[in-house]
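J.: everything below, folded, please.
(chains A, B, C and D)
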There are 2 protein chains.
Amino acid sequence: MPTATPTPRPGGRSARVLADVVAATLAEVSEKPYDQLTVDAVANRSGIHKATLYRRWGGMDGLIAQALTTSAEQPWPIPDTGSVDEDVRLLAHEVYATFTDPELRTTPTALIAAALRSPRGAEALHAFFAARHRQAAEVAVRGVERGELPSGADPVELVRAATAPLYHRLFLTGEPLDEPAATRAAAAALLAARAGLFSPEPQDNSPSPQPR
Amino acid sequence: MPTATPTPRPGGRSARVLADVVAATLAEVSEKPYDQLTVDAVANRSGIHKATLYRRWGGMDGLIAQALTTSAEQPWPIPDTGSVDEDVRLLAHEVYATFTDPELRTTPTALIAAALRSPRGAEALHAFFAARHRQAAEVAVRGVERGELPSGADPVELVRAATAPLYHRLFLTGEPLDEPAATRAAAAALLAARAGLFSPEPQDNSPSPQPR
DNA sequence: AATCTAACGCGACCGACGTCGCATTAAGAT
DNA sequence: ATCTTAATGCGACGTCGGTCGCGTTAGATT
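T.: Now for the predicted structure:
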């Protein structure tokens, strides 16, 4: 489903408005320090009237959610080298590269921070990551098919495990992100997958089911 | 250095004001939905005048940073069962328990979300986690001393690895947190530690040192 | 105990955010 | 081509967050 013109519902130039607004929102988000994002600024930059923005999106949180939703729809290339180990490593390095480059990091960093400001934004962020992980999980699926990973392993869980430590550093602990950290995260995730931790029955070493 | 009354610098009731303000801030943060935190509300609840809050803390971001800094100073009990595996598992479960209990989760959740709103808040959050991790790393140190983990293993890195997936779910992907996830995160971290991933020279399997 | 002074209380002011009613435009239908 | 109607443009208004100057309080000093 192309996002261009086929507006299903009555009303019509909305598509163009939406495109302009998303572009302006992304630009604003990446420029202004976290807090001082304002609907007025988006209105001025996009040329769309303030009232329209409030009507359609309800406020800054809605604009941020919209930007995330739109971004989530764009597909994004997944490594396919023939080796899970290498693919997962590349996945982690892609995150590392994105958030290390001072040029590239601003938009996603600010977007995530902004999304956490409101329930709506948080929801959109969750959907965004769900979409991304669903795509990236392909590398794990291929790994299972090739017999490089145990057959029961949850592909999405592997992707999450490989990237979680990086986001943890970026947003919670604030420690610098370096290549070894990315490589290490990927290796640890693969280790866990091979140990069966991502399979339906991780290990039956729990003390006792304890029906409560 | 006790934080009670021995105010080193001139001016004096400041200590009481600070305590009231921090309490009011924490209460506000846990009640209001992310965005609509206001200095006025903290002023009313604490009984401290608005202008004073702006003077001492500069705004909402400063208040949040203060709340975090104050919270970080409070020590917090670390498991010590005699087994690293169990200790790390308990650590992860503590995070799980905190963020699952609808009663307990509100404050830390909102505090983290709020901290990500401004550079000041983010900095305070980093310091907060640094303090927490420094304390929690003790379990790994004991594990190394007992020979349960390789001697070079970075204790803090182990703690981070054990908790990162949980925060990742909580804030980025929004997936529900369950006990298996906590257990799995702990197990994966221990696996990585034993594989030497957290030791200075993770593995020398990098293509070539490349002095650059 | 008397004094000094930093910190807080107070109320008014300014500006920006968000809202509202109405005019205008353009998409879709006949 | 004309008409219908939803969506946008427009400007004004109310409200609230944030600032400022001054008076007051209470810690600290001697």
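J.: report how many residues lie close to the residue lying closest to A:Gly82 once chain neighbours are set aside.
T.: Closest residue to A:Gly82 apart from its sequence neighbours, by C-beta to C-beta, 6 or more residues apart in numbering or on different chains: A:Arg146 at 8.0 Å. Yep, even glycine has a C-beta here, placed from its N, CA and C like the rest. Residues lying near A:Arg146 (other C-beta atoms under 10 Å in any protein chain shown) number 11.
J.: so where's chain A shaky on pLDDT?
T.: Residue ranges of chain A with pLDDT under 70: A:1-13, A:201-212.
J.: 50 instead?
T.: A:1-9, A:11, A:202-212 (pLDDT under 50).
J.: got the domain boundaries for it?
T.: With domains defined by automatic domain parsing, chain A comprises A:13-66, A:84-194.
J.: to DNA strand C, which of these lies closest?
T.: Taking C-beta to the nearest atom of the strand, domain A:13-66 is the member of these nearest to DNA strand C, at 3.4 Å.
J.: whichever helix in chain A runs longest near chain B at all?
T.: Longest among the helix segments of chain A by residue count, using DSSP state H, is helix A:119-145. Yes - against chain B, helix A:119-145 shows contacts by C-beta under 8 Å from any C-beta of the partner chain at A:119, A:122-123, A:125-126, A:129-130, A:133.
J.: please apply the same query to stretch A:89-106.
T.: No - residues of stretch A:89-106 contacting chain B under C-beta under 8 Å from any C-beta: none, with a closest distance of 11.1 Å.
J.: hmm, A:Asp85 and the residue nearest to A:Gly82 touching each other?
T.: No - the pair A:Arg146 / A:Asp85 is not scored as a contact, 11.0 Å apart, by C-beta atoms under 8 Å.
J.: ok, A:Tyr96 - contacts?
T.: A:166, A:177-179, A:181-182 (C-beta atoms under 8 Å, 6 or more residues apart in numbering or on different chains).
J.: let me know the closest of these to A:His93.
T.: Each of these was checked against A:His93 using C-beta to C-beta; the closest is A:Ala182, at 5.1 Å.
J.: now for that closest one, how many residues are close by?
T.: The tally of other residues near A:Ala182 (other C-beta under 10 Å) stands at 26.
J.: what's the distance between it and DNA strand D?
T.: Distance, A:Ala182 to DNA strand D, using C-beta to the nearest atom of the strand, to the nearest Å: 37 Å.
J.: surely that residue and A:Ala92 touch.
T.: Yes - contact criterion C-beta under 8 Å: A:Ala182 and A:Ala92 qualify, at 4.3 Å.
J.: what's the closest non-adjacent residue to the residue nearest to the spatial centre of chain A?
T.: In chain A, the centroid-proximal residue (C-alpha atoms, centre = their mean) is A:Phe129; its distance is 3.6 Å. Distances taken as C-beta to C-beta, 6+ apart put B:Thr173 closest to A:Phe129, at 4.7 Å, once the chain neighbours are dropped.
J.: that neighbour touches A:Arg160, doesn't it?
T.: Yes - proximity of B:Thr173 to A:Arg160 meets the contact threshold set by C-beta under 8 Å, at 6.8 Å.
J.: the more surrounded of the two?
T.: The neighbour comparison of B:Thr173 against A:Arg160 (other C-beta under 10 Å) goes to A:Arg160, with 25 against 21.
J.: how about that one, what does it touch?
T.: Applying C-beta under 8 Å, 6+ apart, the residues near A:Arg160 are A:133, B:165, B:168-169, B:173.
J.: can you tell me how far A:Thr106 sits from chain B?
T.: To chain B, A:Thr106 is 13 Å away according to C-beta to the nearest C-beta, to the nearest Å.
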